[in-house]
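Enquirer: give me the fold of what follows.
(chains A and B)
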There are 2 protein chains.
Amino acid sequence: MTKLRSPYLLFLGDIGDIGYVKTACGLRDWAPERCAGQLRLSGGVDLGLPDKTPAEAAAAGAGTLVIGTATDGGRMPYAWHAVLLQAIDAGMDVASGLHQRLNAVPELVAAANRRGVRLIDVREPPADIPVGTGVKRSGRRLLTVGTDCAIGKKYAALAITKALRAAGYKATFRATGQTGILLAGSGMPIDAVVSDFVAGAAEMLSPDNEPDHWDVIEGQGALAHPSYAGVTTGLVHGSQPDAMVLCHEPDRREIEGRPGFPTPSIEEAMGDYLRVARVTNRNARFAAVSLNTGRLAEPDALATIQATADATGLPCFDPLRTSLTGLVERLSAWP
Amino acid sequence: MTKLRSPYLLFLGDIGDIGYVKTACGLRDWAPERCAGQLRLSGGVDLGLPDKTPAEAAAAGAGTLVIGTATDGGRMPYAWHAVLLQAIDAGMDVASGLHQRLNAVPELVAAANRRGVRLIDVREPPADIPVGTGVKRSGRRLLTVGTDCAIGKKYAALAITKALRAAGYKATFRATGQTGILLAGSGMPIDAVVSDFVAGAAEMLSPDNEPDHWDVIEGQGALAHPSYAGVTTGLVHGSQPDAMVLCHEPDRREIEGRPGFPTPSIEEAMGDYLRVARVTNRNARFAAVSLNTGRLAEPDALATIQATADATGLPCFDPLRTSLTGLVERLSAWP
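Expert: Model prediction:
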């Protein structure tokens, strides 16, 4: 993938729900040194970064306007073009992880060519992805999976990679979504891959490696999600995870944006993921539970984490709140 | 989809395994009046149609060379271009359901333009497919599902549609693969859809309908298949089937082309499909089992069909061998 010019101006559009600007949140939380400011339209959420116009950001040295939204279907309202044109006119590159490609919008392409800046579509999968083979690869793989979308799978994978490395283990974060790819600088935009090739794309993302190396693969979607479970299934099959970490939010009762669709319990979800994972790796097991306790006060969060550990017999953590020592110990002794 | 000029010359390439020329087999079996002949390269299987060169076929009135192969990944060897160019030079259209697009091969496009014939890619999905919503639609839906790929899901769906109509019920065959689309003249090439939109594509394929109308949806892939289960999962979710028919081949022990991957038993497969289907339709149930008994002698086939009916308590049939009366009766009294 083309290397992005930092720092970034994060464009939030008019999105009022923080769940739908997760790309911007991820960059703010995991690469704050690369985030120069935010640009909101009327109604847009506040991420606590300095508000800047494209001209102000460019004057302060920003190299790229990054579209920070992640809406259903990844489309871009026509009204946003004006803002992107302002950024281009100010001399900034524009980067997007939306399904809708910047490079497919003639007026943006023309403006970028005129101004000599780049339009970078990080959700463009590589050409010639093979179909999955199911053949076992060397090295170890951990996949984060979830009871819903936007529940902490990327954060968990980033935190696990960091914790493994800090403890002296070999580990690589493998990005599968737009934010992860923007953070890591490479990866596989798995939900933009043609469906017949999803398992093959996941195989390609985590190739053969040293026997004691962990690929920590960012999960996508959820098996219980009525829209995206196909992506999840292909990713699980192609990843052939030895270990999975289930990401869950204690008080989320329904799939986000899909009223009437219940989130599964931790136990149900684990059963479903194990059944799917064992198609390509009969030794797949759960290694931990990652809880998103952002909506709970500290004492409640810690009590919930402890209760979940007791109920499942697995290490349990919140990657933004607690240590991952239990998981790292467990992985260090993985059979 | 563009209407094809019949009759067709079925191109079989050098494929020696009949399982990988299923597009040609489907056309021969379900639209024999449209099949003028076959064209085999060295090593290609014989479908029992008259062998013809493109020039001979064109002279006899053939309007379209149809690529009849369905290989893993849907790619086209470069060596086949020469044959396609001969067909174009003879004045025939060329139609393909491969992932690799005819219209993306400059030498074919140039030749077709020069000769004034058409290159028809039936596996090109429509633009702007929405993401799945999971919202219930009116009308009834039956989906054929399988214990493997290439096991009889399309044949079963075609036979069920025919049997329902013959009994006076309203029913529409909904094609999801290249052969089905070539036969029906419309449909959704589900495995060519970007993975994030597979469930949405399936929702689009079988829209709201009259309460007593059955959409009979052609299944794709298999939940137990290490390469294609993502496609299957999205199709099951978006189809929201009220009824499913499990397609199975009694003596197939391994997934075709994936040694070491066992096919599930009928019971295991039903459990897996019901778990997935109930994410979007809590009332999903199995209506029948469709057996592919092509490799068995008639008495063995009939005994196996009876034994399967006894074991499952469901109507059981082979769409190429026995009547579907039991299933039609069951559907006529569907709750």
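Enquirer: thought residue A:28 was touching residue A:49?
Expert: Yes: taking C-beta atoms under 8 Å as the definition, residue A:28 is a contact partner of residue A:49 at 6.4 Å. All C-beta spots, glycine's among them, are computed from the backbone N, C-alpha and C.
Enquirer: surely residue A:14 and residue A:43 touch.
Expert: Yes: counting by C-beta under 8 Å, residue A:43 is a contact partner of residue A:14 at 4.4 Å.
Enquirer: tell me which of the two has more neighbours.
Expert: residue A:14 (14 against 10; other C-beta atoms under 10 Å in any protein chain shown).
Enquirer: show me where chain A has its helices.
Expert: Taking DSSP state H as the criterion, chain A carries its helices at A:22-30, A:54-59, A:81-89, A:106-115, A:153-166, A:178-184, A:198-205, A:229-239, A:266-277, A:298-312, A:325-332.
Enquirer: hey, which of these is tucked in deepest?
Expert: With neighbours defined by mean count of other C-beta atoms under 10 Å in any protein chain shown, none of the helices of chain A is more surrounded on average than helix A:229-239, at a mean of 31.
Enquirer: for that one, what does the pLDDT average out to?
Expert: Confidence for helix A:229-239, expressed as mean pLDDT, is 98.
Enquirer: just checking, what packs against that helix?
Expert: For helix A:229-239, the contact count by 3 or more C-beta pairs under 8 Å, 6 or more residues apart in numbering or on different chains; DSSP states H and E identifies strand A:140-146, helix A:198-205, helix A:266-277, helix B:198-205, helix B:229-239 as packing neighbours.
Enquirer: got the angle between that helix and helix A:153-166?
Expert: Computed with axes from the mean of the first three to the mean of the last three C-alpha atoms, to 10 degrees, the direction of helix A:229-239 lies at 20 degrees from that of helix A:153-166.
Enquirer: could you check how far the residue of chain A positioned farthest from its centre is from chain B?
Expert: For chain A, the largest distance from the centre (C-alpha atoms, centre = their mean) belongs to residue A:114, which lies 33.1 Å off. Here the criterion is C-beta to the nearest C-beta, to the nearest Å. By it, residue A:114 lies 27 Å from chain B.
Enquirer: equivalent analysis for residue A:160, please.
Expert: Counting by C-beta to the nearest C-beta, the separation of residue A:160 from chain B is 24 Å.
Enquirer: where does chain A dip in pLDDT?
Expert: Under the criterion pLDDT under 70, the flagged ranges of chain A are A:1-2.
Enquirer: against chain B, how distant is residue A:23?
Expert: To chain B, residue A:23 is 15 Å away according to C-beta to the nearest C-beta.
Enquirer: need the contact list for that residue.
Expert: A:66-70, A:97, A:178-179, A:182 (C-beta atoms under 8 Å, 6 or more residues apart in numbering or on different chains).
Enquirer: ditto for residue A:18
Expert: With contacts defined as C-beta under 8 Å, 6+ apart, the neighbours of residue A:18 are A:25, A:45.
Enquirer: kindly recompute the last result at 10 Å.
Expert: Residues in contact with residue A:18, defined by C-beta atoms under 10 Å, 6 or more residues apart in numbering or on different chains, are A:12, A:24-25, A:45-47, A:150, A:294.
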